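Participant: Sequence plus the predicted model coming up.
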Amino acid sequence: MEAALIIFALMVLFTFLGLGVYATVKVVQATKRGVDRTITQARRTVEDTTLRARSFGQVGVTGALAQLRLDLRTSMRATEQALREGVRTDASLHESIALFERLSAHGRELDDELKRLEQDPDRERIAERLPDLRERTGKIKQAADSLRWAARDRAQRFAQDDLSTLSEQIEVESDALRDWQREPVDDLAAAAAAWDAAQANGPAAGPAAAANPGAAPASASGATAGGWGAEQPREALNPAAPAPQYPWQKTRRPESTT
């Protein structure tokens, strides 16, 4: 018995230890994800600020490359945010997100290439490739903008439809709430009609009865007729009380049959 209790206590202890380790691992992973997300956002902010400064402060190839990267990153980030927020209420955007993931692969590849070209010292070669880089950036940016605005238009259309339906329901409810203004008028009209009908039917019954004074009521004619309608003898309203019995009276003996 003691061995079983010890084994049970050890099992409970190991269970709690396992749950504690699992919870600790989950907390550490969540903290790590939060830290990584914060670092990534901070890095993006620094890179965007640097690119914005380069695009405005420098001219030539360096400024052009910085402007291309800034336009590409801004469009891709806005599209991703719009799709992620829209899929929470519209499940049909899952396919759009899948297409955006494929587009993001091309966008990341182009961004890495532009970043490498920023450090390349051969500016003449880079200047020759700028038209092609602008075309690729424009295609990716146009595709991302198309997805983003399509998702926004879809959400706006759903909001307008819902608002129109809600407005119609409110109008119907408002009309129903205003019916109390017409209810008293309807009740008075119905009461007046009932009164007129009663007055019209009441005087008509009197002349009909006066025109046939010899007619007997149905109950009286049925009572005088034979058979089932014959009048039955009525019982006295106050029947006679039985004769009192006194203790000195002798009990009447039953008559003998012999």
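Facilitator: Perfect, I can see it now. Numbers count the residues shown, from 1 in each chain.
Participant: from here on, contacts and neighbour counts on C-alpha atoms
Facilitator: Noted.
Participant: Tell me the secondary structure of residue 129, please.
Facilitator: Three-state assignment for residue 129 (DSSP: H, G, I helix; E, B strand; the rest coil): helix.
Participant: And the pLDDT at it?
Facilitator: Looking at residue 129, its pLDDT reads 91.
Participant: Burial check on it, number of neighbours?
Facilitator: If you count neighbours by other Cα atoms under 10 Å, residue 129 ends up with 11.
Participant: Next, count neighbours for residue 83.
Facilitator: 22.
Participant: any idea how far it lies from residue 156?
Facilitator: Applying Cα to Cα, to the nearest Å, the value for residue 83 to residue 156 is 14 Å.
Participant: pLDDT weak spots in the stretch 101-250 of the chain?
Facilitator: 180-188, 202-250 (pLDDT under 70).
Participant: for the strand or helix carrying residue 53, packing partners?
Facilitator: According to DSSP states H and E, residue 53 maps onto helix 2-57. Helix 2-57 sits against helix 61-86, with contacts defined as 3 or more Cα pairs under 8 Å, 6 or more residues apart in numbering; DSSP states H and E.
Participant: and the helix it packs on with helix 2-57, angle?
Facilitator: 140 degrees (axes from the mean of the first three to the mean of the last three Cα atoms, to 10 degrees).
Participant: pretty sure residue 69 contacts residue 114?
Facilitator: Yes: look at residue 69 against residue 114 with Cα atoms under 8 Å: they come within range, at 6.8 Å.
Participant: who has more neighbours, the two?
Facilitator: More crowded of residue 69 and residue 114, by other Cα under 10 Å: residue 69, with 23 against 19.
Participant: Mean confidence (pLDDT) on stretch 67-83, please.
Facilitator: 92.
Participant: And the contacts of it?
Facilitator: Here stretch 67-83 makes contact (Cα atoms under 8 Å, 6 or more residues apart in numbering) with 48, 51-52, 54-55, 93, 96-97, 100, 104, 107, 111, 114-115, 134, 137, 140-141, 144-145, 147-148, 151-152.
Participant: what's the answer for stretch 148-166, then?
Facilitator: 78, 79, 80, 82, 83, 86, 93.
Participant: Counting neighbours, which of those end up buried?
Facilitator: 79, 80, 82, 83, 86, 93 (16 or more other Cα atoms under 10 Å).
Participant: Can you add distance to residue 164 and give the residues you listed back as a markdown table?
Facilitator: Shown next, in a markdown table, are the buried ones among the contacts of stretch 148-166 (distance: Cα to Cα, whole Å):
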| residue | distance to residue 164 |
| --- | --- |
| 79 | 28 |
| 80 | 29 |
| 82 | 24 |
| 83 | 25 |
| 86 | 21 |
| 93 | 23 |
